[in-house]
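A.B. asks: Sequence below, structure please.
(one chain, ligands or ions: 2)
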Amino acid sequence: MMKLCYVATTPDVTATGATAYSGPLEPFFRKLHALGYQGVELMVRNPREVDLPYIRKILSENSLEVALVNTGRVFLDDGYSLMLPPGERREEARQRILALIDFAAAVARPAPVPFGPQINAGLLRGRVAPGQNPAEAHAWVVENLKYVADYAAQKGVRIALEPINRYQSNFVNNGEQAVALIRQVGMSNVGIQMDVFHMNIEERSLAGSFITYRDWITHVHVCDTNRLAPGQGHLDFVEIVGALDALGYEGYLSAELDTPEQERAAELTAAHLRPLMRQ
Ligand code: LER
Ligand code: MN
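C.D. replies: Ligands and ions are numbered 1, 2, ... in the order given. Got it, this is the predicted structure:
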């Protein structure tokens, strides 16, 4: 059975405007549980600044799993990415990502079924800089992704590579490019996270892409065409949820929304999606 979660930042994320709820976590977790959510996706910048026992306590009190640790702020706020060439910054970036993998393994307990603890590599993979040789940038990503995926495999953590639309990234914009990169990396714990916001821009068909990439998909971000709550734009969630259900997808639908009214959006998301999901 598919499950529903919502993205929330941990307090180490201080920048405003994240595509997530930001604020006191305890009342928000209580609200998510009351609305029928089974999990949360934690958007984390530096896990060393996060009070892990406290987060675990409020998760457990509200029967919530951690579906995935989102790493977008690590790139946006600190500039660390998988595209860095050998050197001091790359070493720092690798250490930060290994810390995020340890955090995912420690916070996602019990591990969510069927995919276990995961971190994503969305914006984290970096952007090819003007004048940079794209083939060289690609090679650094393969090398760094292999390195962190190898560590993640030892910790039982999956990495979900998220295709990002062309207006936010110039590297891996669609499922086809994600699969090609995953094949090059050659690690069985690297899969794909599809985000319907990016898919709506880059893929020919939403349902068709879910079918094509079904063997790789371990997490799905949902929002409507305008990145508001499902139901507030013109995506067909009967088709989206129906397609994933028909494929036997049993992972999370995770609401990643761009709105100042995250609490209201959590209500709207549950009201629109829960009736479409088998309970
Ligand atoms: C960014 O647009 C996004 O979709 C995030 O999930 C990236 O980590
Ligand atoms: Mn996303």
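A.B. asks: Please see if stretch 102-120 touches ligand 2.
C.D. replies: No - Stretch 102-120 is not in contact with ligand 2 by Cβ under 5 Å from the ion; minimum separation 7.5 Å. For the C-beta atoms, the positions are set from N, CA and C on the backbone; glycine is no exception.
A.B. asks: starting at the chain centroid, how far to that stretch?
C.D. replies: Here stretch 102-120 shows a centroid-to-chain-centroid distance of 12 Å under the convention Cα atoms, centre = their mean, to the nearest Å.
A.B. asks: Going by residue numbers, what spans are helices in the stretch 101-250 of the chain?
C.D. replies: Under the criterion DSSP state H, counting those that start in this stretch, the stretch 101-250 of the chain contains helices at 134-154, 175-185, 196-202, 206-212, 237-246.
A.B. asks: Identify whichever of those helices lies nearest to ligand 1.
C.D. replies: Of all the helices of the stretch 101-250 of the chain, it is helix 196-202 that lies closest to ligand 1, at 6.3 Å by Cβ to the nearest ligand atom.
A.B. asks: Counting neighbours, what do you get for the residue nearest to G175 when sequence neighbours are not counted?
C.D. replies: In space, not counting the residues next to it along the chain, G175 is nearest to Y213; the distance is 4.5 Å by Cβ to Cβ, 6 or more residues apart in numbering. By other Cβ atoms under 10 Å, the residues close to Y213 number 20.
A.B. asks: what's the distance between Y213 and Y37?
C.D. replies: The gap separating Y213 from Y37 is 25 Å, by Cβ to Cβ, to the nearest Å.
A.B. asks: and if you look at Y54?
C.D. replies: Between Y54 and Y37 the distance, using Cβ to Cβ, works out to 19 Å.
A.B. asks: Tell me which of these two has more neighbours.
C.D. replies: Y37 (26 against 12).
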